[in-house]
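Colleague: Predicted structure and sequence below. I'll ask about it afterward.
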Amino acid sequence: MAAPFGNVVPLLAAFPPVGAPPLPAGPQPNWANLAGEVAQEAPLLANFNIGAQLQAILGQLNVLNGNINVLANHLDTQVKDFLTAPILYPPGIVLPPVRPMNKTELLKITGPQADLLWAAFGLQPMPPAMPVGQQIACCLDYLGISV
């Protein structure tokens, strides 16, 4: 494999610019002391068991994931129960023979079905240009159902 720079090997350290002042004659690192400090700290690195820590974090994430799944299933059940619960119509209303029995059916009615249901409530007719979605919203509101 050819080097990316041809025969030239890139430098890993920069040279000081030409004419730069010499480095200050301050204290130089004491390599013997530094090596001793590293030797003292090296055993502490054994206390950092990264694999075990990662396994513990993964275990906690799996528990969280399980809790999220339980919550999602619970919410799904609640929504299903809400949508399939029977509609409680006010007493004394003569309902059309074909009428929505639960909220899911009510959300799927057509414009003429909404008109029949609205008339059964004894209310003034809805405007003819009212969109079906708005008619359904009026029926839901009259029945006290919030979606």
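Modeller: Received it, and whenever you're ready, just let me know what you need.
Colleague: Run through the helices of the protein in chain order.
Modeller: Secondary structure of the chain (DSSP state H): helices located at 31-45, 50-84, 103-106, 111-120, 132-143.
Colleague: With adjacent residues omitted, what lies nearest to Y142?
Modeller: Using C-beta to C-beta, 6 or more residues apart in numbering and skipping residues adjacent in sequence, the residue nearest Y142 is F121, 5.8 Å away. The C-beta positions use only the backbone N, C-alpha and C, and glycine is treated the same way.
Colleague: Out of the helices of the chain, which is closest to L95?
Modeller: Closest approach to L95 among the helices of the chain is made by helix 111-120 (5.2 Å; C-beta to C-beta).
Colleague: Please save the CA atoms from the closest one in CSV.
Modeller: The C-alpha coordinates for helix 111-120 follow below in CSV (Å, rounded to 0.1, in the frame of the first residue of the first chain):
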residue,chain,number,x,y,z
GLY,A,111,-72.9,13.0,7.2
PRO,A,112,-76.5,11.6,6.9
GLN,A,113,-76.0,9.4,10.0
ALA,A,114,-74.8,12.4,11.9
ASP,A,115,-77.8,14.4,10.8
LEU,A,116,-80.1,11.6,12.0
LEU,A,117,-78.4,11.3,15.3
TRP,A,118,-78.5,15.1,15.7
ALA,A,119,-82.2,15.2,14.9
ALA,A,120,-82.8,12.4,17.5
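Colleague: buried residues in that helix?
Modeller: Judged by neighbour count using 16 or more other C-beta atoms under 10 Å, the buried positions of helix 111-120 are Q113, A114, D115, L116, L117, W118.
Colleague: ok, so of these, who is nearest P131?
Modeller: Distances from P131 to the buried residues of helix 111-120, taken by C-beta to C-beta, are shortest for A114, at 10.2 Å.
Colleague: residues in contact with that closest one?
Modeller: M126, V132, Q135, I136, C138, C139 (C-beta atoms under 8 Å, 6 or more residues apart in numbering).
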